[in-house]
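Undergrad: Provided below for reference: sequence and predicted model.
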Amino acid sequence: MPLDIIFEVASHLPPRGLVALSRTSEVLCRTLYSPSASSIWKAARSAVGAPDCSPGLSEPQWMSLIFGGPICQQCNTANVDKIDFSLRRRVCFDCKKQNMVPDVAFGELFPHYDTSIMDMVPYTRSGSWVLGCFKFFWKSDVERIASEWATLQKDIHISTKGAQAKAAAYRKQRIDEVEWITEHANVWDNWHHRFSVDEAYKKQKARDEAILERLLALGYDCRDYHYSDSEERIIHEDVEFTDQFWAHIQPKVVMLVESNRVRRLEQERADLRLERIRVLKPLYQEYAKSWAPTQWCYLPSVYELVNFPVVNDIVDADSSVSVSSSSFLPAIAQFPTLIPEWISAKKARITAMLDPPSPGPVNDPLDLAISVFKCTGHLKTWCPIGRSSRGRRSLRTPAESRIISFPRVERSNETQRVAFWRKHYVAASPRSRARPVVDYRCGDGRTGPPLCLPGLRATWPATSLEKGVPLEIRG
């Protein structure tokens, strides 16, 4: 094939493609590594913004170092991503360990070499086993520079004309080259890191677009195609995306999309239910005002109302059904019958846990400080009715109390704690001027405005807490 055709084709290739083409055959390698092809390499390098060629390397060698792939240049070990630009080599750990020469061991490893040549050899401070202040040289570089320097010294020894000046010029050239490489090594490394990240992102984006295109053709939603870091390795294997590769990963990707779809629909359904409960909440607060303030503590929370069939039918209606305030009016009309029944059933369940009453006149046992209850179930969210100006709630203003529900309550005479789902209330002595207070403590030690339990009273020994004194709970 004529050279002009080869050069024309090569001039349209990206750097990685140009390096790959040069490795296809010995003839192409010699052709593309020839000085006449250097303009092709320069154009490819400039197209991606790669740094200028390092001294001592040709354009093809410089491009092969950067774009030759993650292969060790010594032993062809794969997955060697890191380039040591101070040494201008891409080598694996084992090769570093075998070829690195620390400056402190230079005289021992090369006893016949002049130690002054260390100033003329490129070095790195990133050794194979030590990261510190030592300089590490590459063994073949040391041997090559030592051979060239020995030749110059031999010429001086035999009094060759101009040998002294030639040796001085060579030494200055080598020292300047080492300084220039050391100065630019970090610049090259930073550029290569940015380029690698950008290239990986573009590759990942192209693969995601190809997968998404196939998923849309199968009828899936683009919102369901996302993955975590642990799932990324399933999708982004370092191979070319082909129909054969898609057939390989399709079952895994479809399973991932299906699970994401289920979670999305569940979340959308939960958000829809919560939005409808928020529509009901102000209507229920307005209805609660029709009850006496002393009875507010017994009312179910707005979230417990969802368990009422008439309310649940509205909240759980299909997403295609529009729910507004008027949708709940028929259900609210039944509250005067449903809520008293719910309160009576709740009181009956709690009262059944108490010991049989002693002989004599007995008031409502829930109004007496005769027992301590512990909630072992999940504390359902309560519905706030009001708030005082100081942000506190107490029995002094029943209208400011919160409604608290007891989904599961069990009797406990052995403890002086009332626990509501990881929340602990510790009794305080009534002998102080402050009212008997039960502190509410979260798991992280935070405290908040107090809550009250208007319908719940507890008894400790008479020296600790008087009977009938209501507890104020800070939450």
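TA: Yep, it's here. On a predicted model such as this, the values are computed, not experimentally measured, just so you know.
Undergrad: next, count neighbours for A217.
TA: 8 (other C-beta atoms under 10 Å). From N, CA and C alone the C-beta is placed, and that goes for glycine too.
Undergrad: ok, Y201 next?
TA: Count around Y201 with other C-beta under 10 Å applied: 10.
Undergrad: from P51, how far out is it?
TA: Using C-beta to C-beta, to the nearest Å, Y201 is found at 21 Å from P51.
Undergrad: swap in D103?
TA: On the measure of C-beta to C-beta, D103 and P51 end up 27 Å apart.
Undergrad: check Q153 too.
TA: Going from Q153 to P51 by C-beta to C-beta gives 35 Å.
Undergrad: who has more neighbours, these two?
TA: P51 (16 against 13).
Undergrad: and that one, helix, strand or coil?
TA: Three-state assignment for P51 (DSSP: H, G, I helix; E, B strand; the rest coil): coil.
Undergrad: for it, list the residues it contacts.
TA: When contacts are counted by C-beta atoms under 8 Å, 6 or more residues apart in numbering, P51 touches H184, V187, W188, W191.
Undergrad: among the residues you listed, which one has the most neighbours?
TA: Ranked by neighbours (other C-beta under 10 Å), those are led by W188, which has 21 neighbours.
Undergrad: tell me the pLDDT at that one?
TA: W188 carries a pLDDT score of 93 in this model.
Undergrad: spatially nearest residue to it (excluding sequence neighbours)?
TA: F85 (4.2 Å; C-beta to C-beta, 6 or more residues apart in numbering).
Undergrad: quickly find the element holding V101.
TA: Per DSSP states H and E, V101 falls inside strand 100-102.
Undergrad: show me what that strand is packed against.
TA: Applying 3 or more C-beta pairs under 8 Å, 6 or more residues apart in numbering; DSSP states H and E, we find strand 100-102 packed against strand 131-138, helix 139-157.
Undergrad: again, only this time at 10 Å
TA: With contacts taken as 3 or more C-beta pairs under 10 Å, 6 or more residues apart in numbering; DSSP states H and E, strand 100-102 sits against helix 106-109, strand 123-126, strand 131-138, helix 139-157.
Undergrad: now for the second one, which elements pack on it?
TA: Applying 3+ C-beta pairs under 10 Å, 6+ apart, one finds that strand 123-126 makes contact with strand 100-102, strand 131-138, helix 163-217.
Undergrad: quick one: the strands in this structure?
TA: Using DSSP state E, the strands assigned to the chain run over residues 100-102, 123-126, 131-138, 373-375, 409-411, 417-419, 424-427, 437-441, 450-452, 472-474.
Undergrad: re earlier: now do the strand holding V101, average pLDDT.
TA: 89.
Undergrad: that one pairs with which strands?
TA: strand 131-138 (antiparallel) (DSSP bridges).
Undergrad: hmm, back to that, the residue nearest to W188 and P330, how far apart?
TA: Distance, F85 to P330, using C-beta to C-beta: 77 Å.
Undergrad: the two: which is more packed in?
TA: Neighbours per residue (other C-beta under 10 Å) separate F85 from P330, with F85 holding more: 25 against 10.
Undergrad: burial count for Y298?
TA: Neighbour tally, Y298, other C-beta under 10 Å: 19.
Undergrad: and it, how far is that from Y123?
TA: In terms of C-beta to C-beta, Y298 sits 83 Å off from Y123.
Undergrad: end-to-end on stretch 220-236?
TA: Its start and end residues considered, stretch 220-236 measures 20 Å (C-alpha to C-alpha, to the nearest Å).
Undergrad: residues of that stretch that come out buried?
TA: Y220, D224, Y225, Y227, I235, H236 (16 or more other C-beta atoms under 10 Å).
Undergrad: can you give me the end-to-end distance of stretch 45-60?
TA: Stretch 45-60 has an end-to-end distance of 10 Å (C-alpha to C-alpha).
Undergrad: now do the buried residues in that stretch.
TA: Neighbour-count burial for stretch 45-60 flags R45, A50, P51, C53, S54, E59, P60 (criterion: 16+ other C-beta under 10 Å).
Undergrad: what is the most widely separated pair among those?
TA: P51 and P60 (15.5 Å; C-beta to C-beta).
Undergrad: quick one on the thing from earlier: worst average pLDDT in the helices and strands packed on strand 123-126?
TA: Looking across the helices and strands packed on strand 123-126, the weakest by mean pLDDT turns out to be strand 131-138, at a mean of 75.
Undergrad: wait, S196 touches D81, no?
TA: Yes: S196 lies in contact with D81 (C-beta atoms under 10 Å); the separation is 7.3 Å.
Undergrad: tell me which of these two has more neighbours.
TA: S196 (14 against 10).
Undergrad: contacting residues around that one?
TA: Going by C-beta atoms under 10 Å, 6 or more residues apart in numbering, S196 touches I66, P70, D81, I83.
Undergrad: touching, the third one and R90? I think so.
TA: The reference is to D81. Yes: assessed by C-beta under 10 Å, D81 is found in contact with R90 at 8.4 Å.
Undergrad: now the phi/psi pair for K161, please.
TA: For K161, the backbone dihedrals (degrees, to the nearest 10) come out as phi -60, psi 130.
Undergrad: from C297, how far out is it?
TA: With distances taken as C-beta to C-beta, K161 is found 112 Å from C297.
Undergrad: who has more neighbours, these two?
TA: C297 (18 against 8).
Undergrad: okay, the more buried one: pLDDT?
TA: The model's pLDDT for C297 equals 82.
Undergrad: same deal with P111?
TA: 88.
Undergrad: likewise for G69?
TA: At G69, the pLDDT value in this model is 88.
Undergrad: try the one 5 residues further on
TA: On pLDDT, Q74 comes in at 90.
Undergrad: quick revisit: which one of the contacts of S196 is nearest E231?
TA: D81 (22.3 Å).
Undergrad: for the closest one, what are its contacts?
TA: G69, P70, R90, H192, H193, S196 are the contacts of D81 under C-beta under 10 Å, 6+ apart.
Undergrad: before we move on, what about G56?
TA: Shown in contact with G56 (C-beta under 10 Å, 6+ apart): W62, R88, P122, D141, R174, E177, V178, W180, I181.
Undergrad: low-scoring stretches of this structure, by residue?
TA: Scanning the chain for pLDDT under 70 picks out 1, 127-133, 357-475.
Undergrad: re the thing from before, how about the helices and strands packed on strand 123-126, which one is nearest E8?
TA: helix 163-217 (25.7 Å).
Undergrad: for the nearest residue in space to L215 that is not next to it in sequence, phi and psi?
TA: Using C-beta to C-beta, 6+ apart and skipping residues adjacent in sequence, the residue nearest L215 is Y225, 5.8 Å away. In terms of degrees, to the nearest 10, the main-chain angles of Y225 are phi -100, psi 90.
Undergrad: can you select the buried ones from the contacts of S196 in ChimeraX?
TA: The ChimeraX selection below is limited to those of those classed as buried (16+ other C-beta under 10 Å):
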select :66,83
